[in-house]
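S.K.: can't give you the sequence, but here's the structure:
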């Protein structure tokens with residue numbers, strides 16, 4: 001499998017990332033659900049309004065993340081990315097969320113008005129396909 005195809009497969013199949021922030025040299029990592037929009041070349045996730053991570057994003061929008069594999073060790077890592085509040089809402093992207101994570105429909109119905117949508121932009125990703133395959137791709 002070509003690396004770019006593997007990247008797309010991982011981003012379409014894996015549903016969570018470990019999102020790393022850092023403010024005043026204090027790192028913080030949390031798990032968030034996501035979907036990747038291949039046309040916009042960005043990753044989307046939501047969080048509750050007023051959440052601690054929003055304050056961290058405002059202080060330092062530079063983040064890193066790794067996808068969390070569920071059935072093997074294949075994953076995508078990104079060291080240099082930028083996070084920003086999206087101009088879209090969770091309602092605008094609900095169809096894509098639900099297609100990837102059907103249970104997210106209930107989250108949107110019950111908490112959609114309390115959620116903010118964020119985008120992660122990056123130009124380079126490391127695709128890890130097992131112990132012996134690690135390749136950096138440019139998007």
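M.R.: On my side now, so go ahead. These numbers come from a predicted model, not from an experiment.
S.K.: isn't residue 33 right up against residue 103?
M.R.: No. Between residue 33 and residue 103 there is no contact under CB atoms under 8 Å: 9.5 Å. Glycine gets a C-beta too; all of them are placed from N, C-alpha and C.
S.K.: how about residues contacting stretch 112-125?
M.R.: Under the criterion CB atoms under 8 Å, 6 or more residues apart in numbering, residues 7, 34, 40-49, 54, 57, 63, 65, 76-86, 88-94, 107-108, 136-139 lie in contact with stretch 112-125.
S.K.: which strand is the longest one in this structure?
M.R.: Of all the elements of type strand in the chain, the one with the most residues (DSSP state E) is strand 75-85.
S.K.: number of residues surrounding residue 66?
M.R.: Burial of residue 66, expressed as a neighbour count using other CB atoms under 10 Å, amounts to 19.
S.K.: before we move on, what SS does it have?
M.R.: Following DSSP: H, G, I helix; E, B strand; the rest coil, we place residue 66 in the strand state.
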